[in-house]
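1. Quick one, fold the following:
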Amino acid sequence: MIEYKTSGTCSTKIRFDLRDGRIHSLSFEDGCDGNLKALGILAEGMNAAELVKKFRGLRCGRRKTSCADQLAKAIEQFK
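-> Here you go, the predicted structure:
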């Protein structure tokens, strides 16, 4: 299980498994509960490189990042 401490978001930590280049068991600590559960369901089994392409650079309101962007950064760090 990979753990990534987020920065600049309401969520404080991201946890996921990366197997054969695919995301599994994605969960977030804190943040927008319903939205982040949905993100975990949608990302399940998704190709990690494709997810990074789609999520990298997404912003939340006026923030310079988002939970999705933080996930992309976590994947890049642990690939």
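
2. ok, Ala48 touching Ile75?
-> Yes. Between Ala48 and Ile75 a contact is recorded at 5.0 Å, counting by CB atoms under 8 Å. C-beta here means a position set from N, CA and C on the backbone, and glycine is covered the same way.

3. which ones are touching Phe55?
-> By CB atoms under 8 Å, 6 or more residues apart in numbering, Phe55 lies in contact with Ala68, Asp69, Leu71, Ala72.

4. between those, which has the most around it?
-> When neighbours are taken as other CB atoms under 10 Å, the top entry among those is Leu71 (29 neighbours).

5. Confirm that residue sits in a helix?
-> Yes. Under DSSP: H, G, I helix; E, B strand; the rest coil, Leu71 sits within a helix.

6. Quick check: the gap between it and Glu29.
-> From Leu71 across to Glu29, the span is 13 Å (CB to CB, to the nearest Å).

7. Pull the contacting residues for the most far-flung residue of the chain relative to its centre.
-> Using CA atoms, centre = their mean, the residue of the chain lying farthest from its centre is Arg62. It sits 18.8 Å away. For Arg62, no contacting residues are found, by CB under 8 Å, 6+ apart.

8. who's in contact with whichever strand or helix holds Gly34?
-> Element membership of Gly34, judged by DSSP states H and E, is helix 33-43. By CB under 8 Å, 6+ apart, the residues outside helix 33-43 that reach it are Ser11, Phe16, Ile23, Leu26, Ser27, Phe28, Leu51, Cys67, Ala68, Leu71.
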